[in-house]
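Enquirer: show me how the following folds:
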Amino acid sequence: QVQLVESGGGLVQAGGSLSLSCAASGSIVLINAMGWYRQAPGKQREFVAAIARDYSTNYADSVKGRFTISRDNAKNTVSLQMNSLKPEDTAVYYCAVRRGSTATATMTFWNYWGQGTQVTVSS
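Expert: Down below sits the predicted model:
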């Protein structure tokens, strides 16, 4: 099993920045790709960004150019730097990891999930 703990959420004004972090523990050998999803009230959970162990990345179109995902393989952490935030970025952000190698956007391929951290962007 893998445990994931997110941190860094909060309230920010539109145009501002926030940084999220996620620390993994437990069966670290099961971790390959790492990523972030989000779920806004009344909406389905959606892909945000993912990064493979070789640092190749994948972003949702809605966050390209504004969000940057990174990882530290030695510390088993993944981070999400969010700039130029918009009210529509308001959601609970979930960290996820998978045993597979690719930074896929397909949610069903992700094996372990964190509890989520709230990000609220005010207009």
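Enquirer: list the strands paired with the host helix or strand of Phe47, with their directions.
Expert: Secondary-structure assignment from DSSP states H and E places Phe47 in strand 46-51. Here strand 46-51 is paired, per DSSP bridges, with strand 33-39 (antiparallel), strand 57-59 (antiparallel).
Enquirer: now the longest one: buried residues?
Expert: When you say that, I think you mean strand 33-39. 33-38 (16 or more other Cβ atoms under 10 Å). C-beta here means a position set from N, CA and C on the backbone, and glycine is covered the same way.
Enquirer: how much space separates the closest residue to Thr117 other than its chain neighbours from Asn83?
Expert: Excluding the flanking residues, the one nearest Thr117 by Cβ to Cβ, 6 or more residues apart in numbering is Gly9, at 3.4 Å. According to Cβ to Cβ, to the nearest Å, Gly9 stands 15 Å off from Asn83.
Enquirer: can you list contacts of stretch 3-18?
Expert: 19-26, 81-87, 93-97, 112-123 (Cβ atoms under 8 Å, 6 or more residues apart in numbering).
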